[in-house]
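Asks: I would like the atomic coordinates for the input below:
(chains A, B, C and D)
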There are 2 protein chains.
Amino acid sequence: MSDILTAGNLSFAPLYKRVKMRIMQRLTVGEWKPGEAIPSESRLTEEFQVSIGTIRKAIDELSAEKILVREQGRGTFVATHTEDRFLYYFFRIVDRNGVKIFPQSHMLSFRRMRADANQAERLQITRGARVIRISNLLKLGGKPVEIDEIILPAERFPGLTEEMLLTRSSTIYHLYQAQFGINVIRAAEKLHAVTADDETARILHLQKGSPVLGIARVAYTYNNLPVELRNSYVNTDDHDYFNDLGKST
Amino acid sequence: MSDILTAGNLSFAPLYKRVKMRIMQRLTVGEWKPGEAIPSESRLTEEFQVSIGTIRKAIDELSAEKILVREQGRGTFVATHTEDRFLYYFFRIVDRNGVKIFPQSHMLSFRRMRADANQAERLQITRGARVIRISNLLKLGGKPVEIDEIILPAERFPGLTEEMLLTRSSTIYHLYQAQFGINVIRAAEKLHAVTADDETARILHLQKGSPVLGIARVAYTYNNLPVELRNSYVNTDDHDYFNDLGKST
DNA sequence: TAGTGGTCTAGACCACGTG
DNA sequence: ACGTGGTCTAGACCACTAC
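Replies: Purely as a prediction, here's the structure:
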């Protein structure tokens, strides 16, 4: 991503990059909300006073980054986490046949607490700031497969209650979008193998001391702003974490 | 528009897609080899009798897929596995600080054998066909971190010897390129946590029964043709498998 | 200076979704 | 019938690399 361009010195960047950042800016401030259509390309040419090819190149990049979604004949829309193709974008667990199944989430706990030094640093907030800790059990085909421990900066999720999480109908990232205007567009994950602690083993129906796949994720919204930490533990006896290195198009 | 030889049902695909496939075809047959420059865009417009914008769109996709590499003022080149940015493209292990270190490879074994049913299926070869099994130990900063078991279809690697692997100076994927004309452009990986067997634990300096990160990879060349199987086991005590969900542009 | 890829423009026509 | 994004063209100029 363009760390330099976000700083403000994009005066000398190519025109289409500047157009792209102006569109990103509108998305950031919520002028165009997830699920809504942005103005048509020809309308944007008038607004930005550039040719349609330049507009298209800006939107090309934004749709490659899955921030916008084009639909021929209909328009260009702000991506939402309810669409099928995004449901799995941040969920990489597949069964032994490589088939993706959507998980059922069951909340285990919901607590308010203070950020420790590590959490504060990764979330770019001050140590001791209020955070919310949510623990979920994910089931695939009825079987417990993954435990998530989610840490959210409370300041960015004002009024988030246990109730909202219990009654949500879609993914949690869609809840962030719809309720708090926070659009997760990127996540960095670090994976490692660890021995399950006793409680994790019990919940995942594993023998004590079994190995589990640990995933430490930081999720980001626009401008590489971190908005969620997540530590996951996966029972990989019947499932895998799938990763495709390379393209397909 | 005298386009023939566009294999399959691409006869009605957009022009730039057909141009793209024709370029891929040239790469596949080795007409343009890794490291070499392909003809300039203006030359390709003459050759394919299309406008430069169409050529550019075809090359855009191929460079997004890391099959070609553009260099302003110099030309467009067939990607090689010696360039820095590709050294890590298929190697995702980082240290605790998230820093990528390039691994030192040490061969543990080299054997010729026959494909079992599972290997045959994943390599799309017949059961019992000749394969080569290579085992390597990868060290990071002098410490043993990963064991690789590589299975290659012997037919595609004629004359591959233990010597060639011992004396190679770059990555093994570069050896595939340079010696056998096989260009790995994609890999699908499945990750899981397992208990290290005794030998693996010994080699990785782990206690018996320690958890390790298992990676099952299938590597592909053009046209999604599988050319390598690889089972890896990683000591993740001081390292992680890093994955960025989102784009980079 | 010559040749390469990178950007930007302007206009035409096609394919698709909606009313 | 209309408006949308998708493709294709033609030409201009810029930025960079090489000689």
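Asks: ends of stretch A:55-73, how far apart?
Replies: Here the two ends of stretch A:55-73 are set 17 Å apart, with distance taken as C-alpha to C-alpha, to the nearest Å.
Asks: what is the mean pLDDT for it?
Replies: For stretch A:55-73, the per-residue pLDDT values average out at 96.
Asks: what about A:G53, helix or strand, and which?
Replies: Secondary-structure element containing A:G53, defined by DSSP states H and E: helix A:52-64.
Asks: Chain A: helices as residue ranges?
Replies: Counting by DSSP state H, chain A has these helices, from start to end: A:3-6, A:15-28, A:41-48, A:52-64, A:84-87, A:117-123, A:162-167, A:172-180, A:198-203.
Asks: Now the helix holding A:G53: buried residues?
Replies: Applying a neighbour-count criterion of 16 or more other C-beta atoms under 10 Å in any protein chain shown, the buried positions in helix A:52-64 are A:T54, A:I55, A:K57, A:A58, A:I59, A:D60, A:E61, A:L62. Every residue, glycine included, has its C-beta placed from N, CA and C.
Asks: And stretch A:215-234, by the same measure?
Replies: Buried residues in stretch A:215-234, counting neighbours by 16+ other C-beta under 10 Å, are found at A:215, A:217-222, A:224, A:226-230, A:232-234.
Asks: how near is the residue most central in space within chain A to DNA strand D?
Replies: The centroid of chain A falls nearest to A:V184 when counting by C-alpha atoms, centre = their mean (3.7 Å). Applying C-beta to the nearest atom of the strand, to the nearest Å, one obtains 23 Å for the distance of A:V184 from DNA strand D.
Asks: What residues sit buried inside stretch A:147-163?
Replies: In terms of neighbour count (16+ other C-beta under 10 Å), stretch A:147-163 has its buried residues at A:I147, A:D148, A:I150, A:I151, A:L152, A:P153, A:A154, A:R156, A:F157, A:L160.
Asks: And those residues, which two are furthest apart?
Replies: Of all pairs drawn from the buried residues of stretch A:147-163, the one with the longest distance (C-beta to C-beta) is A:I147 and A:R156, at 23.6 Å.
Asks: right, and A:E71 touches A:A79 too?
Replies: No. Counting by C-beta atoms under 8 Å, A:E71 does not reach A:A79; the two are 11.5 Å apart.
Asks: what distance separates the start and the end of stretch A:79-91?
Replies: 16 Å.
Asks: If you count neighbours, what's buried in it?
Replies: Counting neighbours by 16+ other C-beta under 10 Å, one finds that the buried residues in stretch A:79-91 are A:A79, A:T80, A:H81, A:T82, A:F86, A:L87, A:Y89, A:F90, A:F91.
Asks: where does the last one sit relative to chain B, distance-wise?
Replies: Put plainly, it is A:F91. 10 Å (C-beta to the nearest C-beta, to the nearest Å).
Asks: tell me the contacts of that residue?
Replies: Taking C-beta atoms under 8 Å, 6 or more residues apart in numbering or on different chains as the contact definition, A:F91 lies against A:K100, A:F102, A:P103.
Asks: give me the number of residues near the first one?
Replies: The number of residues packed near A:K100 is 14, by other C-beta atoms under 10 Å in any protein chain shown.
Asks: Tell me, what's the model's pLDDT at it?
Replies: Reported pLDDT at A:K100 in the predicted model: 90.
Asks: That one touches A:Y89, doesn't it?
Replies: No. The criterion here is C-beta under 8 Å, and A:K100 misses it with A:Y89 at 10.8 Å.
Asks: what touches both of the two?
Replies: Joint contacts of A:K100 and A:Y89 (C-beta under 8 Å, 6+ apart) do not exist.
Asks: Quick check: A:G128 vs chain B, distance?
Replies: 25 Å.
Asks: List the contacts of the residue nearest to that residue when sequence neighbours are not counted.
Replies: If the residues on either side of it in the chain are set aside, A:G128 comes closest to A:R114, at 4.9 Å by C-beta to C-beta, 6 or more residues apart in numbering or on different chains. Counting by C-beta under 8 Å, 6+ apart, A:R114 touches A:G128, A:A129, A:R130, A:V131.
Asks: quick one: low-confidence ranges for chain A?
Replies: In the predicted model, chain A carries pLDDT under 70 at residues A:1-11, A:247-249.
Asks: Flag every residue of it that's near DNA strand D.
Replies: Counting by C-beta under 7 Å from any atom of the strand, the residues of chain A lying close to DNA strand D are A:37-38, A:40-43, A:53, A:56, A:70-76.
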